[in-house]
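Asker: Model the structure of this input:
(one chain, ligands or ions: 3)
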Amino acid sequence: MRETRIGCHLSLSGGFAGMAKTAVSLEATTFQFFSANPRGGKSREWARADIEEMLRICREHGIGGLVAHAPYILNPCSSDPEKRKLALERMEEDMKRLQAIPGCMYNLHPGCHTGQGTEEGMREVAELLRRLAPYTAANPVLLETMAGKGTELGSRFSELGEILRMADVPGSGVCLDTCHVWDAGYDIQGGLEAVLEAFDREIGLERLLAIHLNDSKNARGSHRDRHEKLGQGEIGLKALLAVTSHPALRGLPFILETPNEAEGYAAEIRLVHEDRPC
Ligand code: FE
Ligand code: FE
Ligand code: ZN
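Answerer: Ligands and ions are numbered 1, 2, ... in the order given. The predicted model follows:
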């Protein structure tokens with residue numbers, strides 16, 4: 001049985017090896033980073049030596065389950081064909097570069113259908129997955145569960161399940177964001193078992209490959225998507241630790257995207273480590 005991993009989102013601004021060193025200092029066993037500037041714009045080249053050094057540090061310290069997060073400005077199901085094209089091109093470029101980091105997953109937001117409707121939006125996200133298919137053997141692609149802001153896709157497990165079935169690409173899966181599913185209306189506080197059953201029914205638990213561990217500033221069903229520090233939001237620490245210690249989720253990377261600096265992340269990572277019986 002693989003060990004559950006806990007870590008946080010880190011900035012790539014200090015390079016790949018820099019992120020790995022930060023992860024070690026936080027006692028993290030996994031981490032996530034933006035594959036490019038989250039608000040778009042040209043990203044710098046990925047230096048081979050820097051990546052090799054990161055991989056060496058990760059091996060030495062048992063860090064794994066890495067996740068690259070796509071820039072959230074990209075919208076693969078926009079009603080504007082130009083924006084859609086840009087998203088597909090950029091994400092394909094990201095996947096090509098990611099081949100240098102074997103096993104690193106690529107997490108993306110399904111996007112907003114911007115008025116063309118859920119059905120059409122889902123078809124377009126499935127098309128994106130098929131376009132990324134040549135690269136997913138080395139780097140699994142994850143669709144993130146979303147809060148359902150505006151015309152956002154992926155706030156229902158059924159939508160993500162249908163996209164994955166339409167695309168039919170092995171090596172693709174889902175990243176469950178605890179703040180987002182709560183904001184979407186799923187009661188992970190009072191009914192975690194029922195939520196996981198729904199996930200299994202609509203998507204399949206074997207396709208759940210990563211967790212974003214966040215509390216939420218807002219009430220269940222708010223569709224707001226505002227993350228909070230663990231235990232300081234509406235979901236609460238007890239419910240979040242029930243997620244990290246759930247047997248069905250054992251072995252997954254849990255990644256914090258809470259509003260924290262290094263010290264706050266280190267404290268939250270410790271909190272999760274200490275809750276573990278062994
Ligand atoms: Fe995200
Ligand atoms: Fe997230
Ligand atoms: Zn979010």
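
Asker: Could you tell me which helix of the protein is the longest one?
Answerer: helix 81-98 (DSSP state H).

Asker: And for it, what's in contact with it?
Answerer: 35-36, 46, 68, 70-71, 74-78, 104, 106, 108, 111, 124, 127-128, 131-132, 135-136, 138-139, 141 (Cβ atoms under 8 Å, 6 or more residues apart in numbering). The way it works is simple: take the backbone N, C-alpha and C, and place the C-beta from them, glycine included.

Asker: Which of those fall in strands?
Answerer: Judged by DSSP state E, the contacts of helix 81-98 include A68, Y106, L108, V141 as members of strands.

Asker: D177 - how many residues pack around it?
Answerer: Using other Cβ atoms under 10 Å, D177 has 27 other residues around it.

Asker: For the residue of the stretch 1-150 of the chain found nearest ligand 2, which non-adjacent residue is closest in space?
Answerer: Taking Cβ to the ion as the measure, the point where the stretch 1-150 of the chain comes nearest ligand 2 is E144, at 5.6 Å. Nearest residue to E144, sequence neighbours excluded (Cβ to Cβ, 6 or more residues apart in numbering): C175, at 4.8 Å.

Asker: near ligand 2, which residues of the stretch 51-200 of the chain?
Answerer: D177 (Cβ under 5 Å from the ion).

Asker: for the protein, which spans come out with low pLDDT?
Answerer: 1-2, 40-43, 277-278 (pLDDT under 70).

Asker: Can you list the residue ranges for helices in it?
Answerer: With DSSP H as the criterion, the chain has helices at 15-25, 48-61, 81-98, 118-132, 157-167, 178-184, 192-202, 237-244, 262-275.

Asker: quick one, which of the ones you listed is packed in tightest?
Answerer: The highest average neighbour count among the helices of the chain, using mean count of other Cβ atoms under 10 Å, belongs to helix 178-184 at a mean of 27.

Asker: That one packs against which elements?
Answerer: strand 208-213, strand 215-216 (3 or more Cβ pairs under 8 Å, 6 or more residues apart in numbering; DSSP states H and E).

Asker: ok and the residue in the stretch 51-200 of the chain nearest ligand 2?
Answerer: D177 (3.7 Å).

Asker: Apart from its chain neighbours, what residue comes closest to that residue?
Answerer: H212 (3.8 Å).

Asker: Report the beta-bridge partner residues of the one you found.
Answerer: D177, I255 (DSSP bridges).

Asker: gap between it and F254?
Answerer: To F254, H212 is 8 Å away according to Cβ to Cβ, to the nearest Å.

Asker: more neighbours, those two?
Answerer: H212 (26 against 23).

Asker: The closest residue to A239 other than its chain neighbours: how many residues sit nearby?
Answerer: Nearest non-adjacent residue to A239, counting by Cβ to Cβ, 6+ apart: Q189, 4.1 Å away. Applying other Cβ under 10 Å, we find 19 residues neighbouring Q189.

Asker: Quick check on Q189: phi, psi?
Answerer: Backbone geometry at Q189, expressed as degrees, to the nearest 10, gives phi -90, psi -50.

Asker: Next up, the contacts around the closest residue to G62 other than its chain neighbours.
Answerer: Leaving out its chain neighbours, the residue that sits closest to G62 by Cβ to Cβ, 6+ apart is T29, at 6.1 Å. By Cβ under 8 Å, 6+ apart, the residues touching T29 are E3, R5, I6, G7, A23, H61, G62, I63, G64, G65.

Asker: right, and E268 touches H9 too?
Answerer: No - the criterion here is Cβ atoms under 8 Å, and E268 misses it with H9 at 11.7 Å.

Asker: Give the residues shared as contacts by those two.
Answerer: By Cβ under 8 Å, 6+ apart, the residues touching both E268 and H9 are L256.

Asker: Which two of the contacts of T29 have the greatest separation?
Answerer: Farthest-apart pair in the contacts of T29 is E3 and A23; separation 15.2 Å (Cβ to Cβ).

Asker: residues near R156, how many?
Answerer: 19.

Asker: Report whether the expected contact of I203 with L160 is present.
Answerer: Yes - I203 lies in contact with L160 (Cβ under 8 Å); the separation is 5.7 Å.

Asker: any common contacting residues for these two?
Answerer: By Cβ under 8 Å, 6+ apart, the residues touching both I203 and L160 are V174.

Asker: does the residue of the stretch 1-150 of the chain closest to ligand 2 really touch L108, like I thought?
Answerer: Yes - here E144 reaches L108: they are 6.8 Å apart, a contact under Cβ under 8 Å.
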